[in-house]
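Enquirer: Structure for the following, please:
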Amino acid sequence: MQACMQDIFGVVESKTEVAAERAYVTTKNGIISGALPGGSLLSEVAVSADLGLSRTPVHEAFLRLAAEQLLDLQPRRGAVVRPMTPSEAADVLAMRHAIEAASAAQLFGKGGPDDGVRVAIDENLARQRAFVADEDVDGFVDVDDEFHLLVVRASGNPIAEHFYEQLRARQHRLRNLLLRIDPANLRSSLADHEELAACLRDGDADRYSALLQAHFDLYQGAL
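Expert: This next block holds a predicted model:
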């Protein structure tokens, strides 16, 4: 009987964990994509009903998102989506630039990207062009992130990759905010990526560094 009860509790725990993860991922994606903009008031009851879950996993999801500074929990009100302030956005851009500049320097220092990375970058750029042609911000945000991550990973610096991953949610949120301000930002961003890729192919480290700075200046100017 004891073994059976352990099995039952194990299943219950597993289902609760799965439900909490679903509530967490769904809510986080809404915040990052901008579907749940800063200042939005979220209710555990409403989110539970929307997702067909009990309140417990939603409460656990809200706690995780609060720990990640994406939600502010307010007694008797629910949770409020934290806006990304200009100061936070500037800090994210500064950290991204530091990581990517260091990664690029290491990559050029070891001879530049190998053939596999070059092919991956070319394929990524083709997808970027398609999303820009369709004015698909959601799709472009994903391949934009992938483009920069390809360079960070190619550097062979696991610490740089780790910190890049830590910033990833904030980066996604910031990209969504900035690229939706003006549709022209999509084309400007693609043009920057095309030039950065050309520098990687040509082994032009100095021009890459200057272009990367200009690329981040574009985002800073939109804040």
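
Enquirer: number of nearby residues for residue 111?
Expert: 8 (other C-beta atoms under 10 Å). C-beta coordinates here come from the backbone N, C-alpha and C atoms, glycine included.

Enquirer: tell me the domain ranges of the chain?
Expert: Per automatic domain parsing, the domain ranges recorded for the chain read 2-81, 86-222.

Enquirer: Could you dump the ones you listed into TSV and include mean pLDDT?
Expert: Formatted as TSV, the domains of the chain follow (pLDDT from 0 to 100):
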stretch	mean pLDDT
domain 2-81	83
domain 86-222	93
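
Enquirer: I would like the residues contacting whichever strand or helix holds residue 96, please.
Expert: Using DSSP states H and E, residue 96 falls within helix 86-109. Identification of contacts with helix 86-109 by C-beta atoms under 8 Å, 6 or more residues apart in numbering yields 113, 148, 151-152, 154-157, 160, 163-164, 167, 170-171, 174, 177, 200, 203, 205, 208-209, 212-213, 216, 219-220, 223.

Enquirer: what do you get if the cut-off is 7 Å, keeping everything else the same?
Expert: Contacts to helix 86-109, defined as C-beta atoms under 7 Å, 6 or more residues apart in numbering, come from residues 113, 148, 151-152, 154-157, 160, 163-164, 167, 170-171, 174, 203, 205, 208-209, 212, 216, 219-220, 223.

Enquirer: just stretch 28-38 next, same as before
Expert: Applying C-beta under 7 Å, 6+ apart, the contact partners of stretch 28-38 are 65, 70, 81-84, 138, 169, 172-173, 176-177, 180.

Enquirer: What is the neighbour count of residue 110?
Expert: Applying other C-beta under 10 Å, we find 11 residues neighbouring residue 110.

Enquirer: no, scratch that, I was asking about residue 97
Expert: Neighbours of residue 97 using other C-beta under 10 Å come to 17.

Enquirer: now it: how far from residue 116?
Expert: The gap separating residue 97 from residue 116 is 26 Å, by C-beta to C-beta, to the nearest Å.

Enquirer: Next: residue 68.
Expert: Going from residue 68 to residue 116 by C-beta to C-beta gives 33 Å.
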